[in-house]
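Engineer: Here you go, sequence then predicted model.
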Amino acid sequence: MTITATGFCMLKRLAFFFLLMIAVPTWAAPAVITTEAFALRGEPKYKPGFTHFDYVNPEAPRGGTLRLHAIGTFDNLNRYAQRGSPAAGSDQLYDPLMTGSSDEIEVYYPLIAEKVAYADDYSFVTFHINPAATFQDGKPIRPDDVKFTFEKFSAEGVPQFKRYYAFVTSVEVLDTRTVRFNLKDANREQMTSLFGLRILPEHYWSSRNFGEPTKEIPIGSSGSTIKDFKLGQYIIYENLANYWARKLPSRIGQGNVQFERYDYYRDEVVAFEAFKAGEFDFWQEPEAKNWATAYEFPAIKQGKVIKEQLEHSIPQETKGFVFNSQKPQFKDRRVRMALAYMLDFEWMNKAFFFNEYTRTRSYFTNTDYASSGMPSADELAILEPLKGQIPAEVFTEPFNPPTTAGDGNIRANMRKALALLKEAGWSLKNKQMVNDNTGEPLSFELLSYRPLTEKNAAPFKANLQKIGVTLTLRQVDSSQFINRVRSHDFEMIEFSYTPNPYPSSDLKIVWRSNFVDSTWNMANVQDPAIDALIDGIAGSQEDPAKLLAYGRAFDRVALWNYFMIPQWHLSAFRIAYWDQFSRPATRPQYELGVDTWWIDPDKVKKPGR
């Protein structure tokens with residue numbers, strides 16, 4: 001056979017193409033994992049076929065009314081409106097795609113979605129909708145409602161929703177029972193955040209602005225609807241008997257009362273008097289002094305009210321006096337640190353709190369992510385590149401809030417505070433702290449809506465006066481407080497950061513600069529080093545060792561920046577309740593679990609009730 005020049009060239013091209021096909025790897029499609037239960041880390045506790053969570057009583061009787069209280073007022077039934085004060089409990093009107101258990105962290109079980117399928121590279125996640133799932137008006141929950149919900153939250157919800165979920169490129173309805181979220185550069189933790197998406201009915205919300213307040217009772221997707229309300233006074237929820245999911249393993253034994261009522265009170269003092277008089281059923285005590293001295297009222301002595309302290313090791317909220325770090329007087333960390341020296345926790349704990357409390361020293365209390373001692377080698381690898389951008393103390397000493405002997409003598413702390421203020425350009429003149437350049441006095445306002453905040457701040461205010469700093473306590477109603485906080489129109493507030501069982505990507509909403517307009521970035525933090533640490537946390541969600549190092553590194557840097565003056569915490573529930581309830585023998589590991597209690601007919605019938 002004779003091969004012409006043309007044929008030879010063609011053979012060369014074919015051979016080259018063949019070799020290219022061998023040399024270039026063929027990209028396989030990602031594996032798809034289908035499951036009914038999903039754990040962000042580890043394995044789900046409850047295996048396929050489980051009948052109920054361990055901390056519920058599946059035979060609990062249903063009925064009766066649980067009467068609760070709320071402080072302040074409300075003018076809005078839409079929990080997700082961008083203005084107004086939402087009603088207490090209004091977040092329970094909508095069910096998520098999948099639901100968690102209260103004795104695990106970030107583990108999800110079937111609810112609206114009966115199972116989930118996802119790519120092992122997290123490029124998509126598909127939810128299979130339970131064909132029995134319905135909204136409160138009986139109309140089926142469709143994949144179209146899931147797509148609509150995500151788009152509605154993105155278009156009309158809070159701005160940080162769209163920003164956080166930028167990794168979602170599209171939402172596709174595949175058929176009458178499945179909906180797929182297509183994801184770009186997502187990790188396992190980001191994908192998991194979609195499991196908690198609360199589903200809205202398109203047929204109700206499509207003609208309404210989701211970002212606006214409403215006084216109309218909305219149609220929900222959960223087993224709880226609004227039965228009655230009077231703006232600013234009370235709201236009553238009904239647990240629906242025909243709730244489609246009531247017999248699901250993830251819902252059995254919960255929501256056992258028929259009605260849940262919230263009555264509104266001006267403040268905790270008035271509310272506690274109402275509780276003692278039997279106007280509502282359950283009280284969780286916020287004040288150590290009350291817990292020690294205020295429970296000698298007749299109903300306690302007669303056994304009609306039960307008082308209990310239930311110890312726990314649940315991750316704690318981080319509560320403190322939070323600075324608006326962009327206000328001129330607080331931009332310098334040394335000023336914030338100086339003021340922290342004037343909070344005498346040890347004396348307050350002895351004089352006011354009956355030594356009940358522990359000083360908070362971390363944003364991750366009761367977790368492995370709480371920093372302690374000096375930075376580890378893994379932490380230093382993260383922190384060293386940030387030298388010069390973060391407080392020098394991060395490298396030289398463990399963080400501990402300023403301490404005293406608890407005897408009221410704070411002279412040593414005063415000297416340290418005055419020295420820091422001097423470094424920052426402030427001097428004490430005529431018993432007033434003034435700025436060396438402007439002559440302006442160092443003064444600020446603590447904004448609150450609760451008398452308890454003023455009680456906590458009173459000793460702090462008195463100590464500040466000793467170094468010429470003026471603290472003004474300003475109490476407003478809850479609506480004004482919410483609106484001012486949303487617009488960062490404050491200098492200091494008392495605030496509790498949500499408990500963090502682990503450093504999640506959600507921290508960007510609270511700390512990152514591009515979320516400064518978030519209603520959760522309370523300290524108004526705009527700091528490149530904090531941004532870098534938050535980005536490291538987001539990028540380490542699938543590397544436990546790296547996440548541990550980033551979590552502790554962030555903890556150190558945030559603490560030493562003194563964006564807040566840490567307060568105190570108690571690893572226990574202090575509760576009192578009128579003796580008409582029973583509860584399961586097992587309490588959930590990470591919650592008090594009031595939703596699993598029930599009204600006991602035998603106790604209600606007791607003489608003297």
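Structural biologist: Structure's in. What do you need? This is a predicted model, so every value here is computed, not measured. Numbering: from 1, shown residues only.
Engineer: Could you please name the strands the one helix or strand R67 maps to pairs with and the direction of each pair?
Structural biologist: Per DSSP states H and E: R67 is located in strand 65-71. Each strand that pairs with strand 65-71, with its direction, by DSSP bridges: strand 259-265 (parallel).
Engineer: pLDDT at D517, what is it?
Structural biologist: Note for D517: predicted pLDDT of 79.
Engineer: same thing with the one 4 residues further on?
Structural biologist: We have a pLDDT of 92 for N521.
Engineer: Verify the assumption that it is located in a strand.
Structural biologist: No - following the definition DSSP: H, G, I helix; E, B strand; the rest coil, N521 is coil and is not counted among the residues of a strand.
Engineer: What's the separation between it and F515?
Structural biologist: As defined by Cβ to Cβ, to the nearest Å, N521 lies at a distance of 5 Å from F515. To be clear about C-beta, it is placed using only N, CA and C from the backbone, and glycine gets the same treatment.
Engineer: swap in V257?
Structural biologist: With distances defined as Cβ to Cβ, the gap from V257 to F515 amounts to 38 Å.
Engineer: Specify which residue of these two has the higher count of neighbours.
Structural biologist: Neighbours around V257 and F515, counted as other Cβ atoms under 10 Å, are more numerous at V257. The numbers are 24 against 21.
Engineer: so what's the nearest residue to T99 once chain neighbours are set aside up against?
Structural biologist: Beyond its immediate neighbours in the sequence, the residue positioned closest to T99 (Cβ to Cβ, 6 or more residues apart in numbering) is L111, lying 4.4 Å away. By Cβ atoms under 8 Å, 6 or more residues apart in numbering, the contact list for L111 reads D95, P96, L97, M98, T99, N130, A245, L248, S250, R251.
Engineer: just A60 next, same as before
Structural biologist: When contacts are taken as Cβ under 8 Å, 6+ apart, A60 is in contact with G253, N256, S582, P584, T596, W598.
Engineer: Surely the last one and Q258 touch.
Structural biologist: No - taking contact to mean Cβ atoms under 8 Å, the distance of 10.5 Å between W598 and Q258 leaves them out of contact.
Engineer: which residues are in contact with both of those two?
Structural biologist: R62, G64.
Engineer: how about low-confidence regions in the stretch 451-600 of the chain?
Structural biologist: Of all residues in the stretch 451-600 of the chain, those with pLDDT under 70 make up the ranges 518.
Engineer: how near is M191 to S505?
Structural biologist: The gap separating M191 from S505 is 11 Å, by Cβ to Cβ.
Engineer: go on, D91?
Structural biologist: From D91 across to S505, the span is 21 Å (Cβ to Cβ).
Engineer: can I get the contacts of L111 in JSON lines with pLDDT?
Structural biologist: Formatted as JSON lines, the contacts of L111 follow (pLDDT from 0 to 100):
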{"residue": "D95", "pLDDT": "98"}
{"residue": "P96", "pLDDT": "98"}
{"residue": "L97", "pLDDT": "98"}
{"residue": "M98", "pLDDT": "98"}
{"residue": "T99", "pLDDT": "98"}
{"residue": "N130", "pLDDT": "98"}
{"residue": "A245", "pLDDT": "98"}
{"residue": "L248", "pLDDT": "98"}
{"residue": "S250", "pLDDT": "98"}
{"residue": "R251", "pLDDT": "98"}
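Engineer: which SSE is W283 in?
Structural biologist: strand 282-284.
Engineer: Quick one: distance of that strand to the chain centre.
Structural biologist: 21 Å (Cα atoms, centre = their mean, to the nearest Å).
Engineer: domains for the protein, by residue range?
Structural biologist: Using automatic domain parsing, the domain parsing of the chain gives 27-313+571-609, 318-569.
Engineer: re earlier: between D91 and S505, who's got more neighbours?
Structural biologist: Per other Cβ under 10 Å, whichever of D91 and S505 has more neighbours is S505, with 20 against 12.
Engineer: Can you classify the more buried one as helix, strand or coil?
Structural biologist: With three-state DSSP as the basis, the three-state label of S505 is coil.
Engineer: Settle this for me: it is touching A538, isn't it.
Structural biologist: Yes - the pair S505 and A538 passes the contact test of Cβ under 8 Å, sitting 4.4 Å apart.
Engineer: Mind listing the shared neighbours of these two?
Structural biologist: The contact sets of S505 and A538 overlap at N187, E189, Q190 (Cβ under 8 Å, 6+ apart).
Engineer: Out of the residues you listed, flag the one nearest to E311.
Structural biologist: Closest approach between the shared contacts of S505 and A538 and E311, by Cβ to Cβ: E189, at 30.5 Å.
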